[in-house]
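Student: here's my sequence, what's the structure:
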Amino acid sequence: MTPEHPPRAPWSRAIQPGILVLLLLGASASAQPLGQAFEGDWRFVGGRAEKRNVRAAIDGSVADMTVVLRGLARDRLLEGSRIPKRVSIESNEREVAIRDGNRTRLASPPGRVTQTVSATGDHIELLYEIRDDALVQYRTTSQGGRRTTYRVDAEGQRLLVEVLTSSHYLPSPVAYRLTYERVGRVASRPPAN
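Tutor: Here you go, the predicted structure:
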């Protein structure tokens, strides 16, 4: 392991060949427009129960670490796992963009890995994919990675968010779910043929 080749999150190593295949095939599945279902502003409605679940997931992941490392890892994970009160999702043919509350807007062409900077100042590789009616965001740094999966309920009014954070420093991944509610109305859609 050299500084030029930082370690990757275990799941990010597994998806790299898949990314290459998507790029070679023209990323047809991921390059399709996102559609109106995800677009718009969303407000966190998961309440105290989901906030407790995030803390419990972090505590469970770091439980087997030494006391000193556990505190450092827990603080870092809590900082990176702050639940935004609002999430905004935008897309067009060229990019998908997600803004978590007041954090940096993360944008990338769907199906293409891009380099950007996170809200905490980390240099990250960012990838968006559209898979099985879900928008999936992959963020990879030299410290590890995060996969965030966004799904909209059948009524188009709830955004269900699944987060999986993995790192070679953590004994086990951190996984939790969050629930958001649409702010305002969903744009009308043309009838299906």
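Student: what secondary structure does Glu79 sit in?
Tutor: Per DSSP: H, G, I helix; E, B strand; the rest coil, the secondary structure class of Glu79 is helix.
Student: report how many residues lie close to it.
Tutor: Burial of Glu79, expressed as a neighbour count using other Cβ atoms under 10 Å, amounts to 10. Every C-beta, even on glycine, is put in place using the N, C-alpha and C of the backbone.
Student: Ile124 now?
Tutor: Neighbours of Ile124 using other Cβ under 10 Å come to 20.
Student: which strand or helix spans Ile124?
Tutor: Under the criterion DSSP states H and E, the helix or strand holding Ile124 is strand 123-131.
Student: for the helix or strand just after that strand, which outside residues touch it?
Tutor: Sequence-wise, the next helix or strand downstream of strand 123-131 (DSSP H and E) is strand 134-140. Contacts of strand 134-140 from elsewhere in the structure, counted by Cβ atoms under 8 Å, 6 or more residues apart in numbering, are 8-9, 12, 15, 34, 38, 89, 96, 98, 106, 118, 124-130, 145-151.
Student: strand partners of strand 134-140, parallel vs antiparallel please.
Tutor: Partners of strand 134-140 in the sheet, by DSSP bridges, are strand 123-131 (antiparallel), strand 145-152 (antiparallel).
Student: so how far is the shortest one off the chain centroid?
Tutor: Right, strand 145-152. When C-alpha coordinates are averaged (Cα atoms, centre = their mean, to the nearest Å), strand 145-152 and its chain have centres 4 Å apart.
Student: quick one: the following helix or strand past it to chain centroid distance?
Tutor: Heading C-terminal from strand 145-152, the first helix or strand you meet, by DSSP H and E, is strand 158-166. Per Cα atoms, centre = their mean, the displacement of strand 158-166 from the mean C-alpha position of its chain is 7 Å.
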